[in-house]
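> need a structure here:
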Amino acid sequence: MKHFSAIAFILLFLNNSSLFGQNPAVIRTIKVDYNKTEGVLNTMFKECIGAGRANEGLRADWQQQLAMVKKECDFKYIRMHGLLTDDMGVYREDSKGNPEYNYQYIDALYDFLLSIKIKPFVELGFMPSALASGSQTIFWWKGNVTPPKDYKKWEELIRNLTQHFTDRYGVEEVKTWYFEVWNEPNLSPGFWSGTQEEYFKLYEYTARAIKSVNSAYKVGGPATAGAAWVPETIEFCAKNKVPLDFISTHTYGVKQGFLDEFGTSGTVLNKEESSISGEVITSRQQIASSAMPKLELHYTEWSSSYTPADPIHDSYHSAAYILQKLKQVRNAANSMSYWVFTDIFEEAGPRFTPFHGGFGLLNTQGIKKPAYFSYAFLNQLGTTTLQNTDTSSWTTKNEAGDVQVLFWDYTYTLPENSINNQQYYIKDLPAKLKGKVKVELTGLKEGKYDLKVYKVGYKQNDVFTDYLAMNQPKQLTTQQVDVLKKNNNGAPIATATVSVDAKGILTRDFDLHENDVFLLKLVKR
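Modelled structure (predicted):
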């Protein structure tokens, strides 16, 4: 059964007993004084989100899903590949070799983004075939990864596009955007057939083109895989007086490789505690010790795994994993852009099953995966953080004075040296009981409060386990989609009215299983 009755829940609270299961020993105490604050909540986790490629953003279902994600997770920016590829119809040349520009598809996409109050984090790539120096491509949709045949024509394309953005959306709006040059040029020949030197040349021409329209527009890179080229990029720009407003790079949580174009590699989740966060912190240190120590740092891609066929993306383990890594990063990055928001994603071609280990927070039908709720729960936190020594939780209050407690267990369960993600996370994986978490809130005002409890974990907002129980149909009926959406809608698992006496203390215990995530919301009546 998915939900507790309100009466049963109230009785549990009146008895101050555990919400779930038996009563194992307390393993953690989260003690928070309502009157002791740390400061404004750092919301770098929702600054940006990824999407596959620009042309997918013209689809009705993609747009419907993004509108929901914006409403419930409130990402500020979105980044995607393929803005300049041939399927966006941006560039061609006439019979005399003169450039012709067309931005109608880009306008349709960006008009929609701005209509739902999400801004573009503009990734400039890949190469239009009419401007390309070669024919090498990547992905099913054939993004050209070669340098331009004429750097001046590339520069003029970028200048013209930037001027178009300015004319259409206004200087003040475009000042808030980020322009990122290319994607993962260190993965040669995968994403860039040229050398590092040629990438820096591309970067310089691009940056100067953007700044020629308005010097306040923000441009950066190198958008590398594996946190590479950060010192080299800063050194190049400082030495050659090339504009650089931010560093961008990527990291993924598996132990081997960087690129799996068609989702055929086996991957193994990295057990190291510093996975993801270690690279982010190192990048921040590299910036701090450079000639440009105040540069912004944007991780414009991150996830547990870089392959679009990794079942950890669908697993309930991902919810706690995401929260753990974001909490470890703290303020080292200005943004951490999860890759990606939806499985409407065609790098390896259209996918043939509804759950295939796709990157998305949502599957193709818009069903919410456990990972989705990490961001939906984070978005329900208040604006002020409360002092808290527990390392796997956030405690906040909002302007109305309501309290939010988000806590989780992250446990690495992948068997060592014998199995990879593709073999392990495709199974029904019951979570072991870890023990009891005691949440103690002090300094509360006397009176009655409404308490809501939300949860993600094994068989709770755990759509992949539900899908396994359906015998993994290769195609979902509308009825099956409706059932999966209803059972994984993020509704509270329990609600209650609780009383706080003059002492101002509220204490509750919760049984915690491996990779559980809980959100508590306390609202004074």
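> give me every residue that touches the residue nearest the centre of the chain.
The centroid of the chain falls nearest to Tyr338 when counting by CA atoms, centre = their mean (1.9 Å). Residues counted as contacts of Tyr338 (CB atoms under 8 Å, 6 or more residues apart in numbering) are 49-50, 302-303, 322, 361, 371, 375. Yep, even glycine has a C-beta here, placed from its N, CA and C like the rest.
> Can I get those in CSV including secondary structure and pLDDT?
As requested, the contacts of Tyr338 are arranged in CSV below (DSSP: H, G, I helix; E, B strand; the rest coil; pLDDT from 0 to 100):
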residue, secondary structure, pLDDT
Ile49, strand, 98
Gly50, strand, 98
Trp302, strand, 98
Ser303, strand, 98
Ile322, helix, 98
Leu361, coil, 98
Ala371, helix, 98
Tyr375, helix, 98
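> Could you list every helix and strand that the one helix or strand Thr300 maps to packs against?
Counting by DSSP states H and E, the element that carries Thr300 is strand 296-303. Judged by 3 or more CB pairs under 8 Å, 6 or more residues apart in numbering; DSSP states H and E, strand 296-303 is in contact with strand 48-53, strand 119-124, strand 178-181, strand 218-224, strand 246-252, helix 277-288, strand 335-338.
> if we can go back for a sec, so what pairs up with the residue nearest to the centre of the chain in the strands?
Ile49, Trp302 (DSSP bridges).
> Asp310 versus that one, what's the distance?
14 Å (CB to CB, to the nearest Å).
> For Ala132, see how far away the residue nearest to the centre of the chain is.
30 Å.
> Check Tyr424 too.
41 Å.
> so what's Asp462 closest to, chain neighbours aside?
Distances taken as CB to CB, 6 or more residues apart in numbering put Tyr316 closest to Asp462, at 4.3 Å, once the chain neighbours are dropped.
> same question but for Ala469, I mixed them up
Ala469 sits nearest to Asp428 (CB to CB, 6+ apart), 7.9 Å away.
> got it, and Thr411?
Glu514 (4.2 Å).
> Residues in a beta bridge with the residue lying closest to Glu296 once chain neighbours are set aside, which ones?
Closest residue in space to Glu296, ignoring its immediate chain neighbours: Phe246 at 3.9 Å, by CB to CB, 6+ apart. Beta-bridge partners recorded for Phe246 (DSSP bridges): Gly220, Glu296.
> ok so, going back, can I get the helices and strands packed on strand 296-303 in a markdown table including distance to Val329?
Output for the helices and strands packed on strand 296-303, formatted as a markdown table (distance: least, CB to CB, whole Å):
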| stretch | distance to Val329 |
| --- | --- |
| strand 48-53 | 14 |
| strand 119-124 | 18 |
| strand 178-181 | 19 |
| strand 218-224 | 18 |
| strand 246-252 | 10 |
| helix 277-288 | 5 |
| strand 335-338 | 6 |
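> Nearest to Pro99, out of the ones you listed?
strand 119-124 (15.9 Å; CB to CB).
> Would you map out the domains in the protein?
6-41+384-524, 44-378 (automatic domain parsing).
> Least confident of the ones you listed, on average?
Note on the domains of the chain: domain 6-41+384-524 shows the lowest mean pLDDT, a mean of 90.
> and that one, how far out from the chain's middle?
Averaging C-alpha positions (CA atoms, centre = their mean, to the nearest Å) puts domain 6-41+384-524 21 Å from its chain's average.
> And for stretch 233-240?
Distance, centroid of stretch 233-240 to centroid of chain: 29 Å (CA atoms, centre = their mean).
> Just the buried residues of that stretch, please?
Residues 233-234, 236-237 are the ones in stretch 233-240 that count as buried (16 or more other CB atoms under 10 Å).
> just stretch 278-296 next, same as before
278-281, 283-284, 286-287, 290, 292, 295.
> Do you know the pLDDT at Ser5?
pLDDT, read off for Ser5, is 38.
> how about Gly89, what does it touch?
102, 104-105.
> Report the contact partners of the closest residue to Glu399 other than its chain neighbours.
Nearest residue to Glu399 in three dimensions, chain neighbours excluded: Thr383, at 6.3 Å (CB to CB, 6+ apart). Shown in contact with Thr383 (CB under 8 Å, 6+ apart): 40-41, 396, 398-399.
> Which of those residues sits closest to Glu347?
Leu41 (33.8 Å).
> The closest one and Gly401, how far apart?
Relative to Gly401, and taking CB to CB, Leu41 is found at 15 Å.
> go on, Val329?
29 Å.
> Pick out whichever of these two has more residues nearby.
Val329 (22 against 14; other CB atoms under 10 Å).
> Settle this for me: the more buried one is touching Ile276, isn't it.
Yes. Look at Val329 against Ile276 with CB atoms under 8 Å: they come within range, at 7.3 Å.
> Am I right that Ser393 is in contact with Ile30?
Yes. With contacts counted by CB under 8 Å, Ser393 reaches Ile30, the gap being 5.5 Å.
> Can you say which helix or strand has Thr385 in it?
strand 384-386.
> how close does Arg460 sit to Val453?
Actually, residue 460 is Gln. It isn't Arg. Gln460 is 11 Å from Val453, by CB to CB.
> helix or strand for the nearest residue to Lys434 once chain neighbours are set aside, which one?
Using CB to CB, 6+ apart and skipping residues adjacent in sequence, the residue nearest Lys434 is Leu512, 4.9 Å away. Element membership for Leu512 (DSSP H and E) is strand 506-513.
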